[in-house]
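Trainee: 3D, please:
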Amino acid sequence: MIRKGEFLEWAEVHGHHYGTPRKFVDRIRDEGQDVILDVDVKGMRSVRGKVSEAIAIFIQPPDFQELRRRLEGRHTEKGVEIEQRLRNAQEEIRASAEYDHVVINDHLERRKCQD
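Mentor: Have a look, this model is predicted:
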């Protein structure tokens, strides 16, 4: 699919391949619906290069200590992998200026709105 250009965006991140099939996005957009993608900075740049009306929203942790706590709390990576993710996060946060909006994710739990 990569060689055939069938992805809107794709990347290898932390040893894993991720991508968004162009056909899927085109089908949803052809139905008149918006598409929300969860992509990294490279993915955002790729999408922006192909979809001029794309709106980019950067989701940022409140600080690096909280990001470290969240990563360690997941128990999905080892120390070396967490350090790599933190280094990558520093670079990604610097790129947040390229986005249309920045949202600080300081509450992980969704709260029910009360009228």
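Trainee: quick one, what contacts Phe58?
Mentor: Residues near Phe58 by C-beta atoms under 8 Å, 6 or more residues apart in numbering: 95-96, 99, 101-103. For the C-beta atoms, the positions are set from N, CA and C on the backbone; glycine is no exception.
Trainee: residues in contact with stretch 79-86?
Mentor: Contacts to stretch 79-86, defined as C-beta under 8 Å, 6+ apart, come from residues 14, 64, 67-68, 71-72, 77.
Trainee: pLDDT-wise, what's the bottom of those?
Mentor: Least confident of the contacts of stretch 79-86 in the model: His14, at 69.
Trainee: Excluding chain neighbours, give the residue nearest to the residue sitting nearest the centre point of the chain in space.
Mentor: In the chain, the C-alpha nearest the mean C-alpha coordinate belongs to Val39, at 3.1 Å (C-alpha atoms, centre = their mean). In this structure, Val39 finds its nearest non-sequential neighbour in Glu9, 5.9 Å apart by C-beta to C-beta, 6 or more residues apart in numbering.
Trainee: Okay, the nearest residue to Arg29 once chain neighbours are set aside and Val103: tell me how far apart.
Mentor: In space, and not counting its chain neighbours, Arg29 is closest to Val35: 6.2 Å by C-beta to C-beta, 6+ apart. Val35 sits 18 Å away from Val103, going by C-beta to C-beta, to the nearest Å.
Trainee: Which residues are in contact with Pro61?
Mentor: If you count contacts by C-beta under 8 Å, 6+ apart, Pro61 has them with 67, 70, 89, 104-106.
Trainee: Quickly list what Glu12 is bridged to.
Mentor: Glu12 has these beta-bridge partners by DSSP bridges: His17.
Trainee: Count the residues that sit near it.
Mentor: The tally of other residues near Glu12 (other C-beta atoms under 10 Å) stands at 10.
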